[in-house]
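Enquirer: fold the stuff below for me.
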Amino acid sequence: MKLIDDLGFDTSFSFVYSSRPGTPAADLADDTPQDVKLARLARLQKRIEAHAATISAGMVGSVQRILVEGPSKKDPNELAGRTDNNRVVNFAGNPRLVGHFVDVTIVSALPIPCVARS
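Expert: Below is the predicted model:
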């Protein structure tokens, strides 16, 4: 948890440990109860989500260069793209922008995604 805080992780692919045949750990005893594993994973993910929320909130009011990927999943009349720190941003724009970089101003930060105007 200290490493998460020290480095400011804001995303991870984390999961409960399970033995994998052929790995050095495969023959080690797994004596941690499943409920403890799940509680630890939940605590880790909550901390990472908090970092992500702080970073996203800090982006509000800033101009971000995004790569426009296509229509927004939340509203097909909007476009969606990603910032250089991998935040999804939804904004109104012409479909001709897909595949291009555009500068947008972040106007709000939601758990997922940010909202912007071009």
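Enquirer: tell me where the protein has helices.
Expert: With DSSP state H as the criterion, the chain has helices at 2-7, 34-59.
Enquirer: out of those helices, deepest packed?
Expert: The highest mean neighbour count among those, using mean count of other Cβ atoms under 10 Å, belongs to helix 34-59: a mean of 14. Just so you know, the C-beta spots here come from the backbone N, C-alpha and C atoms, and that holds for glycine as well.
Enquirer: centre of the chain to it, how far?
Expert: How far helix 34-59 lies from its chain's middle: 11 Å, per Cα atoms, centre = their mean, to the nearest Å.
Enquirer: would you turn the helices of the chain into CSV with mean pLDDT?
Expert: Below are those laid out as CSV (pLDDT from 0 to 100):
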stretch, mean pLDDT
helix 2-7, 90
helix 34-59, 92
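Enquirer: could the ones you listed be laid out in a markdown table, adding distance to residue 104?
Expert: Shown next, in a markdown table, are those (distance: least, Cβ to Cβ, whole Å):
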| stretch | distance to residue 104 |
| --- | --- |
| helix 2-7 | 27 |
| helix 34-59 | 11 |
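Enquirer: quick one: closest of the ones you listed to residue 78.
Expert: helix 34-59 (17.7 Å; Cβ to Cβ).
Enquirer: and of the helices of the chain, who's closest to residue 83?
Expert: Of all these, helix 34-59 sits nearest to residue 83, with 7.4 Å by Cβ to Cβ.
Enquirer: now for the closest one, which elements pack on it?
Expert: If you count contacts as 3 or more Cβ pairs under 8 Å, 6 or more residues apart in numbering; DSSP states H and E, helix 34-59 packs onto helix 2-7, strand 101-109.
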